[in-house]
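1. Next one to model:
(chains A and B)
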Amino acid sequence: MKFAKSHEWIRVEGEPVAGAVATIGVSAYAVEALTDLVFMQLPEVGSQVTVGESFGEIESVKAVSDLYAPCSGEVVEVHAELPDNLELLGQDPYGAGWIIKIRLADPSQLDALMDQAAYDKVISDAAH
Amino acid sequence: MRTSQQDPVLTLWHDEPALGVINMAADELLAEEVASQGGIAVRLYGWSRPTLSLGGFQKVASAEPVAQAAGLDLVRRPSGGGAILHGTDLTYAAAVARGHTLAGSPQQFYDALHATLVEELRRSGVAASMVPPSQASVGGSGESAPDGPLLCFDRRAVGDVVLDGHKLMGSAQRRLAGSILQHGSLLVRQCDQAGPDHTRPGLLELTGSSEGDLVERWMRRLSASLGLRLQHAGPFLCGMRLERVAERAERFSSPGWIGRR
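-> Residues are numbered from 1 along each chain as shown, chains lettered A, B, ... in the order given. Now for the predicted structure:
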């Protein structure tokens, strides 16, 4: 699993090659920071997401936050039940709280993302 | 790399009243400038026409009848929260760069603006306070933000500024990749434009006096609390920005943006 600075995670199923399917979600840290999630807008299956650009939005009581794609690709599956069950994001952000699955366009984009240890350090530094 | 925490300045912009779509476009540009330059900036402004601004996810169908009946312009903010009736309020847009400690969670930036306003009001003898979690009507087990009461001033979120049970100021954010944009509205005096059902008392009705130099004192207190020097930068809407703002305003006035939900 790899993480973007904007707190999205991505996990590739199988070998990280072009065309591989990858699952995308948001980190536990991000979910906890937002608190009281109330609404979510997701992309359509078949749409394209572009690395670093918004692919959806999530609203908490005080904030609308963009969800940024950690890698580019075509959306092949959307967790359609998630907007009506936003508690899943907090309960199981790396499992049942997944958001979309994409077909990777360029696996080299994964190299620019952080592993768990590097991401944990970013979170730790932000807290101090 | 320059970071916001090394920048000792809180930049304060003060604009003349403008159309809603211009204000929204200017605030988006403000957030982008802070994202690239770091630091914290606040833009204070008014509205050249009475306007109802919708929260980012509110349903337009719930607001259109109110706006049409009262002859109000209708815009959609990039930030969340409930609808605001602008005309007798003081609106601010504040932006802080990602990486600054205030950008960690929505409540931190929210509280920084609200707590300093409450402190300044109380120094003037006005017993304002912030809504505690036990009295919030949105969030937790309360109503959802997009589908709650239409008007922001009919909602109670943790940290809202209240006086004698009436809301004086509420705020909401847009959390972007490089910065946090926070909108807030201080109700200076009651607005009768949308009829009695949507009229709420403001600072003038509740205290007998208008804001006077409250905003200047609030901004000074805010900058001091953050350890920053307050820098009055004049109007944000000037020079090269005017063209960039006008281009962005087209998107904010498009049916696709206003009617997105």
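2. so where do the helices sit in the chain?
-> Picking chain A for this. A:28-34, A:87-91, A:116-126 (DSSP state H).
3. The chain in question should be chain B.
-> For chain B, applying DSSP H gives helices covering B:20-37, B:60-70, B:106-123, B:203-207, B:214-225, B:241-252, B:255-258.
4. Rebuild those as a markdown table, extending it with mean neighbour count, distance to chain A and mean pLDDT.
-> Quick note: C-beta positions are derived from backbone N, CA and C, even for glycine. A markdown table is the format used below for those (neighbours: other C-beta atoms under 10 Å in any protein chain shown; distance: least, C-beta to the nearest C-beta, whole Å; pLDDT from 0 to 100):
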| stretch | mean neighbour count | distance to chain A | mean pLDDT |
| --- | --- | --- | --- |
| helix B:20-37 | 22 | 12 | 96 |
| helix B:60-70 | 15 | 14 | 90 |
| helix B:106-123 | 20 | 4 | 92 |
| helix B:203-207 | 19 | 22 | 88 |
| helix B:214-225 | 18 | 18 | 95 |
| helix B:241-252 | 15 | 14 | 96 |
| helix B:255-258 | 12 | 13 | 92 |
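5. how about those helices in CSV, adding distance to A:E44?
-> As requested, those are arranged in CSV below (distance: least, C-beta to C-beta, whole Å):
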stretch, distance to A:E44
helix B:20-37, 25
helix B:60-70, 21
helix B:106-123, 28
helix B:203-207, 46
helix B:214-225, 42
helix B:241-252, 20
helix B:255-258, 15
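6. gap between the spatially most central residue of chain A and chain B?
-> For chain A, A:G25 is the residue whose C-alpha lies nearest the centre (C-alpha atoms, centre = their mean; 2.9 Å). As judged by C-beta to the nearest C-beta, to the nearest Å, A:G25 and chain B stand 17 Å apart.
7. quick one, what contacts that residue?
-> Neighbouring residues of A:G25 by C-beta atoms under 8 Å, 6 or more residues apart in numbering or on different chains: A:E8, A:W9, A:L89, A:P93, A:Y94, A:G97, A:W98, A:I99.
8. how does it look with 6 Å?
-> A:G25 sits next to A:W9, A:P93, A:G97, A:W98, A:I99 when contact means C-beta atoms under 6 Å, 6 or more residues apart in numbering or on different chains.
9. wait, the third one sits on A:L88?
-> Spelled out, it's A:G97. Yes - here A:G97 reaches A:L88: they are 4.3 Å apart, a contact under C-beta atoms under 6 Å.
10. Between these two, which contacts overlap?
-> Joint contacts of A:G97 and A:L88 (C-beta under 6 Å, 6+ apart) do not exist.
11. How about B:S179: what's its closest non-neighbour residue?
-> B:A35 (3.9 Å; C-beta to C-beta, 6 or more residues apart in numbering or on different chains).
12. Please apply the same query to B:F236.
-> B:W13 (3.7 Å).
13. What residues are bridge-paired with that neighbour?
-> Bridge pairing for B:W13 (DSSP bridges) gives the partners B:R43, B:G234.
14. Please report the number of neighbouring residues for it.
-> 21 (other C-beta atoms under 10 Å in any protein chain shown).
15. so where do the strands sit in chain A?
-> A:2-3, A:8-12, A:21-26, A:37-41, A:48-49, A:54-60, A:63-68, A:73-78, A:100-104 (DSSP state E).
16. Name every strand pairing with the third one and say which way it goes.
-> Strand pairing for strand A:21-26, determined by DSSP bridges: strand A:8-12 (antiparallel), strand A:100-104 (antiparallel).
17. Buried residues of the first one, list them for me.
-> Within strand A:8-12, the residues that qualify as buried are A:E8, A:W9, A:I10, A:V12, counting by 16 or more other C-beta atoms under 10 Å in any protein chain shown.
18. So which of the strands of chain A is nearest B:L44?
-> strand A:63-68 (21.0 Å; C-beta to C-beta).
19. can you give me the angle the closest one makes with strand A:54-60?
-> 160 degrees (axes from the mean of the first three to the mean of the last three C-alpha atoms, to 10 degrees).
20. Distance of the residue nearest in space to the middle of chain B relative to chain A?
-> Geometric centre of chain B, nearest residue: B:G184, 1.8 Å, by C-alpha atoms, centre = their mean. Using C-beta to the nearest C-beta, one gets 11 Å for the distance from B:G184 to chain A.
21. Apart from its neighbours in sequence, what residue is nearest that residue?
-> Per C-beta to C-beta, 6+ apart, closest to B:G184 is B:S171, 3.6 Å.
22. tell me the contacts of the one you found?
-> B:S171 sits in contact with B:Y110, B:Q182, B:G184, where contact means C-beta under 6 Å, 6+ apart.
23. Tabulate these (CSV), appending distance to A:A69.
-> Formatted as CSV, these follow (distance: C-beta to C-beta, whole Å):
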residue, distance to A:A69
B:Y110, 28
B:Q182, 25
B:G184, 30
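24. of those residues, closest to B:A83?
-> B:G184 (14.1 Å).
25. I'd like to know the predicted local confidence at that closest one, please.
-> Per-residue pLDDT puts B:G184 at 96.
26. which ones are touching B:Q135?
-> With C-beta under 6 Å, 6+ apart, B:Q135 has these contacts: B:R156.
27. Distance check, it against chain A.
-> Taking C-beta to the nearest C-beta, one finds B:Q135 at 14 Å from chain A.
28. Any residues of chain A in contact with chain B? List them.
-> A:S6, A:A33, A:D36, A:V38, A:F39, A:E59, A:V61, A:K62, A:A63, A:V64, A:S65, A:Y68 (C-beta under 6 Å from any C-beta of the partner chain).
29. how deep is the second one tucked in, by neighbour count?
-> Around A:A33 sit 21 other residues, with neighbours defined as other C-beta under 10 Å.
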